[in-house]
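1. Fold the following for me, if possible:
(one chain, ligands or ions: 3)
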Amino acid sequence: MKTICLLGATGSIGTSTLDIIERHPEKYQLHSVSGHKNWQKMHEIIQRFQPKVVVMSDEQSALTLKEAMNDSTVEVLTGEDALIQIAKDPIADTVVAAIVGSAGLQSSYAAVCAGKRVLLANKESLVISGQLFMSAVKKYGATLLPVDSEHNAIFQSLPFDYQQGKSGQGVKKILLTASGGPFLKFSQQQLENVTPEQAVAHPNWSMGQKISVDSASLMNKGLELIEACWLFDLKVEDVQVVVHPQSIIHSMVSYADGSVIAQMGNPDMRTPIAYGLSYPERIESGVEPLDFFQINQLTFDQADESRFECLALAKQAFAQGGIMPAILNAANEEAVDAFLNNNIAFLDIAKVVKQTMSNIKNDEVVSIDQLMQVDVLARTEAINIIKGM
Ligand SMILES: NC(=O)C1=CN([C@@H]2O[C@H](COP(=O)(O)OP(=O)(O)OC[C@H]3O[C@@H](n4cnc5c(N)ncnc54)[C@H](OP(=O)(O)O)[C@@H]3O)[C@@H](O)[C@H]2O)C=CC1
Ligand SMILES: CC(=O)[C@@H](O)[C@H](O)COP(=O)(O)O
Ligand SMILES: [Mn+2]
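-> Ligands and ions are numbered 1, 2, ... in the order given. As a prediction, this is how the structure comes out:
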């Protein structure tokens, strides 16, 4: 029996994880959960799963939840310290890190430092703090299992020794697939007028708002490229983005002998989550197997970085190193939020990120605390840029 701490239980990944846990009550027990503001959904989760500890990181939502509950056996906590507390609590052996954005960094890092089995959905953790994060995985003997569909696919397509941290093994290139998002075929002129509603309507995946906008701008692919480099000890040149609009192949590994191994499946996050929960075994996930006679075609193309500048900006930030990826990430989070609130246009997202990156001087990474300060600084800068637009 595995005992689970689920960070970001009220979100899209959280919901898919709960579905898997519910399918296998003999294998998984939910010990602790976190949400931020959605106390109604958390109330339902408590009734369904009866976790022992609940964190609502937003204080007012924690109070409202407490008032709505009459079950005193559940402990309701609030704040960042409480998130870290459940992430490193020895009772849970497995932590699913599914908070969105830099808000998820400290708790996922705490889980790694506690030597947990960590199912990482929060790609921003690796973008911001890749070096520190991966060093901590080694130092504290954590088991890091990527949940992001592409990285999970790469992990599944790598040889066992590579999965255990021994790079080489005849691996030549990683082919990171990208759907291209809802605006794949849009001209530059059409991109000027797209709305938040259009941006969050991903053609293949049902996801939270922030990652959906990132997919539409291709920032998601930029973040994933950085994520892949840290996870699999690669250089940017080792990773090729391949636009594959059907999202059937979730990524591939190309080998020295000419073999290319791909992981395929219907686009449903329950597959990588089930894989992470049961690794190295496999369990039922509720996802229908692919029906090859229903698939019309699988197509592939290059990514267009002139129309989707965010991908190029992410590559630049990673090449510059230091705190620059943290600056990129923070600026992007603010810009996406402003776009979703109709305060800036879609194409302004890249402008805000680019300007923030050039306004803040790069520096060496020292600690997670320093990176959290950089996050605040870059957000302040990005907000000023947004106000001036
Ligand atoms: N959805 C997907 O298919 C995929 C997601 N990912 C990654 O997984 C992560 C989660 O994505 P997704 O589930 O789509 O996102 P959602 O927006 O659906 O859910 C986000 C979760 O984080 C919580 N949260 C939001 N803000 C804060 C905060 N400031 N402090 C603490 N918790 C907070 C939310 O709480 P509440 O709702 O209660 O306010 C919710 O539980 C992201 O990093 C994303 O990039 C990766 C691959 C695929
Ligand atoms: C499901 C998942 O992992 C998302 O990150 C997905 O990859 C988004 O798709 P694109 O960014 O390729 O549009
Ligand atoms: Mn992905």
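
2. Now the residue of the stretch 101-250 of the chain found nearest ligand 3. Nearest residue, chain neighbours left out?
-> Nearest residue of the stretch 101-250 of the chain to ligand 3 (C-beta to the ion) works out as Asp148 at 4.3 Å. The way it works is simple: take the backbone N, C-alpha and C, and place the C-beta from them, glycine included. Distance criterion C-beta to C-beta, 6 or more residues apart in numbering; nearest residue to Asp148, sequence neighbours excluded, is Lys123 at 5.4 Å.

3. Go ahead and confirm the one you found touches Leu223.
-> Yes. Taking C-beta atoms under 8 Å as the definition, Lys123 is a contact partner of Leu223 at 5.3 Å.

4. Up against ligand 1, what does this structure have?
-> Residues of the chain lying close to ligand 1 by C-beta under 6 Å from any ligand atom are 8-14, 35-38, 57, 98-100, 103, 121-124, 148-149, 205, 207-208, 210-211, 269.

5. restrict these to those near ligand 2?
-> Asp148, Ser149, Trp205, Ile211, Met269.

6. Can you tell me which of these is nearest ligand 2?
-> Nearest to ligand 2 among those: Ser149, at 3.3 Å, using C-beta to the nearest ligand atom.

7. Flag the helix or strand of the protein with the lowest per-element mean pLDDT.
-> helix 160-163 (a mean of 90; mean pLDDT, DSSP states H and E).

8. Which other helices and strands does it contact?
-> Based on contacts counted as 3 or more C-beta pairs under 8 Å, 6 or more residues apart in numbering; DSSP states H and E, there is no element that helix 160-163 packs against.

9. again, only this time at 10 Å
-> Secondary-structure packing of helix 160-163 (3 or more C-beta pairs under 10 Å, 6 or more residues apart in numbering; DSSP states H and E): helix 149-157.

10. and Met372, what element?
-> helix 368-387 (DSSP states H and E).

11. out of the residues of the chain next to ligand 1, which are buried?
-> Buried subset of the residues of the chain next to ligand 1 (neighbour count, 16 or more other C-beta atoms under 10 Å): 8-14, 35-36, 38, 57, 98-100, 103, 121-124, 148-149, 205, 207-208, 210-211, 269.

12. Next up, phi/psi of the residue of the stretch 201-350 of the chain found nearest ligand 1, please.
-> Residue of the stretch 201-350 of the chain nearest ligand 1, by C-beta to the nearest ligand atom: Gly208 (2.6 Å). Dihedral pair for Gly208: phi -60, psi 170, per degrees, to the nearest 10.

13. so how far is Cys310 from the nearest residue to it once chain neighbours are set aside?
-> Spatial nearest neighbour of Gly208, excluding adjacent residues (C-beta to C-beta, 6+ apart): Ser12 at 4.8 Å. Applying C-beta to C-beta, to the nearest Å, the value for Ser12 to Cys310 is 21 Å.

14. before we move on, what about Tyr162?
-> Distance, Tyr162 to Cys310, by C-beta to C-beta: 29 Å.

15. Met324 now?
-> According to C-beta to C-beta, Met324 and Cys310 sit 14 Å apart.

16. Next up, the contacts around the residue of the stretch 201-350 of the chain closest to ligand 1.
-> Residues in contact with Gly208, defined by C-beta atoms under 10 Å, 6 or more residues apart in numbering, are Gly8, Gly11, Ser12, Ile13, Gly14, Ala98, Val100, Gly101, Val200, Asp214.

17. Gly130: what's it in contact with?
-> Applying C-beta under 10 Å, 6+ apart, the residues near Gly130 are Ile226, Glu227, Cys229, Trp230, Leu231, Phe318, Gly321, Pro325, Ala326, Val365.
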